[in-house]
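here is a sequence with its predicted model. Questions after.
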Amino acid sequence: MKGDLVSIKQDSMILYWDHGDRMFSSTKELINGIFMGIAREDSSKEVYEYCKCYTPIRNPCKIAIGDRICYVDETSFFFYNKRRYHEKVNRSHAK
């Protein structure tokens with residue numbers, strides 16, 4: 001879900017795409033970020049097509065790391081979603 005905390009796995013390829021400029025990097029350790037959505041479902045269709053055709057990133061997801069936006073394959077990160085637990089607790093207290 002958008003806004004969830006994720007950790008990008010070690011040795012994952014990251015694509016930074018800023019106004020058409022592309023820069024690739026790979027992670028040396030786990031990096032935390034915020035999940036912003038799947039590239040093919042939002043305004044990042046150009047990024048999606050580029051990744052699909054020219055990189056090993058087959059299903060790019062938009063991740064915010066600090067003040068930068070990057071794209072990472074969906075298999076390269078873990079979700080840490082505590083929202084379900086909090087929703088369940090809040091619903092049980094609302095009764």
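Done, it's in.

just the buried residues of the top strand by length along the chain, please?
What stands out as the longest strand in the chain, according to DSSP state E, is strand 31-38. For strand 31-38, a neighbour-count test (16 or more other CB atoms under 10 Å) marks 31, 33, 35-36, 38 as buried. Just so you know, the C-beta spots here come from the backbone N, C-alpha and C atoms, and that holds for glycine as well.

lowest pLDDT pick from those?
Between these, the one the model trusts least by pLDDT is residue 38, at 90.

give me the beta-bridge partners of that one?
residue 61 (DSSP bridges).

for residue 28, see how far away it is.
To residue 28, residue 38 is 25 Å away according to CB to CB, to the nearest Å.

any low-confidence regions in the chain?
Within the chain, the ranges that satisfy pLDDT under 70 run 81-95.

tell me the helix or strand right after the longest strand of the chain.
helix 45-54 (DSSP states H and E).

mind giving me the packing neighbours of that following helix?
Contact partners of helix 45-54 among helices and strands, from 3 or more CB pairs under 8 Å, 6 or more residues apart in numbering; DSSP states H and E: strand 13-18, strand 60-65, strand 68-73.

pull the CA atoms of that helix into PDB?
Output of helix 45-54 as PDB, limited to C-alpha atoms (Å, rounded to 0.1, in the frame of the first residue of the first chain):
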ATOM      1  CA  LYS A  45       4.800   4.700 -17.700                       C
ATOM      2  CA  GLU A  46       7.900   5.900 -19.500                       C
ATOM      3  CA  VAL A  47      10.100   4.500 -16.700                       C
ATOM      4  CA  TYR A  48       8.200   1.300 -16.800                       C
ATOM      5  CA  GLU A  49       8.700   0.800 -20.500                       C
ATOM      6  CA  TYR A  50      12.400   1.700 -20.200                       C
ATOM      7  CA  CYS A  51      13.000  -0.700 -17.400                       C
ATOM      8  CA  LYS A  52      11.100  -3.500 -19.000                       C
ATOM      9  CA  CYS A  53      13.000  -3.200 -22.300                       C
ATOM     10  CA  TYR A  54      16.600  -2.200 -21.200                       C
END
